[in-house]
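Chemist: sequence unknown, structure follows:
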Ligand code: DSN
């Protein structure tokens, strides 16, 4: 085989082992129900960008100001992505280069803070994110994070406590946003608290960006100095991230993303982001996001009817967390049992957590992926019954085996969506 022929050989020919594993994983998706709140099925158009020749290109810098030649067309692509991101979210400035959510958050911290500065963020065990000051993340190591959380009774963010902590600690930045919080976030209230102590306000909307773009969750853009998001969760684009900001922070953010912490932008991902922003402007996207929320509510109601406890008693968005503090088994045990039946979830800590983070007392369910496959409330009610039955005794392997065909039957009713 000549060098040129080898370069154009298919994956199946070049590496049958990886090819077969990818195909088996595709089948796994089709035969199961994906309730991982942070996963979604991007469109064929988005995937085509990711697999395109743009993977080749180096273009360090920004459109019309690069360190490489041959960039005129990728400049157009990145500029379209920037313009669409600004239009979609009503933002003054957009940086579409962050490789993923953690580097996006790092770029904002590096742009706005000095090491050792005080920052406030939501407690990880109550729904926050590692990059919001966990001691095992750079964020908790470089900065002095003070954490706020939820009211122990309502399990909704305790805004009075946020205000009291801000007054006491005078942070330079307040970070809002979460990975496992099912209620509407009051951005205006948090921005007012930040303003009252002279802090900047950052919203990390990674989980709910799609809902916000579609107008089914309020937007923080009018209130926040900076908004970060991944593009692959509810927004349904490629793996990657986006930073939106006020114009006055544009230079500082851009400089920090490149050359501050990243090298060459991933132009295949940037093209895919542009496509995803365009898709998110379509009326169908709004209908999709409304169905995501309706499905999450139907699932929560069904689980509660089935005897399960749901954090905060329900959901306003795309996810919910079941609470297992009073059960003898952990979140990890239930998530594994559910996987046995074909219901794919992730364990989650819960407010008042008593177990280790690697075991937990909760399971998080999200509806973006199954809704992309066309699921509706009736199917969510059937899933809720199956989950409630397994939760009665997650060690009952015979029951799990009996329920698996029921899950597979629901999965077969849905669109396969993944390209072969
Ligand atoms: N790991 C993601 C999630 O599952 O929520 C957050 O980055």
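Modeler: Now that the structure is in, tell me what you want to look at. Computed from a predicted structure; not experimentally measured.
Chemist: could you say which helix or strand holds the nearest residue to residue 212 once chain neighbours are set aside?
Modeler: In this structure, residue 212 finds its nearest non-sequential neighbour in residue 219, 4.9 Å apart by CB to CB, 6 or more residues apart in numbering. In short, each C-beta sits where N, CA and C put it, glycine included. Here residue 219 sits in a region with no helix or strand, counting by DSSP states H and E.
Chemist: pretty sure residue 219 sits against residue 88.
Modeler: No: with the criterion set as CB atoms under 8 Å, residue 219 and residue 88 do not qualify as a contacting pair; they are 10.2 Å apart.
Chemist: these two: which is more packed in?
Modeler: Between residue 219 and residue 88, residue 88 has the larger neighbour count (other CB atoms under 10 Å), namely 24 against 21.
Chemist: dump the residue contacts of the more buried one.
Modeler: If a contact means CB atoms under 8 Å, 6 or more residues apart in numbering, then residue 88 has 213, 277, 280, 281 as its contacts.
Chemist: skipping adjacent residues, who's closest to the first one in space?
Modeler: Spelled out, that is residue 213. Leaving aside its sequence neighbours, residue 213 is closest to residue 280 (4.5 Å, by CB to CB, 6+ apart).
Chemist: ok, now how distant is the one you found from residue 324?
Modeler: 35 Å (CB to CB, to the nearest Å).
Chemist: residue 344 too?
Modeler: Applying CB to CB, one obtains 18 Å for the distance of residue 344 from residue 324.
Chemist: kindly report the same for residue 270.
Modeler: As it turns out, when the distance is counted by CB to CB, residue 270 lies 41 Å from residue 324.
Chemist: what does the pLDDT read for residue 142?
Modeler: At residue 142, the predicted lDDT confidence score is 98.
Chemist: show me what the closest residue to the ligand within the stretch 251-400 of the chain bridges to in the sheet.
Modeler: For the stretch 251-400 of the chain and the ligand, the shortest gap (CB to the nearest ligand atom) falls at residue 346, measuring 6.1 Å. Residue 346 forms beta bridges with residue 364, as assigned by DSSP bridges.
Chemist: can you get me a residue count around the residue in the stretch 51-200 of the chain that the ligand sits nearest to?
Modeler: With CB to the nearest ligand atom as the measure, residue 179 is the residue of the stretch 51-200 of the chain nearest to the ligand, at 3.7 Å. In terms of burial, residue 179 registers 23 neighbours under the definition other CB under 10 Å.
Chemist: the closest residue to it other than its chain neighbours and residue 402: what is the separation?
Modeler: Nearest residue to residue 179, sequence neighbours excluded (CB to CB, 6+ apart): residue 129, at 4.8 Å. Separation of residue 129 from residue 402 (CB to CB): 37 Å.
Chemist: same check on residue 227?
Modeler: For residue 227, the distance to residue 402 equals 46 Å [CB to CB].
Chemist: which one's more surrounded, the two?
Modeler: More neighbours surround residue 227 than the other of residue 227 and residue 402, with 29 against 12 (other CB under 10 Å).
Chemist: helix, strand or coil for the more buried one?
Modeler: The three-state label for residue 227, taken from DSSP: H, G, I helix; E, B strand; the rest coil, comes out as strand.
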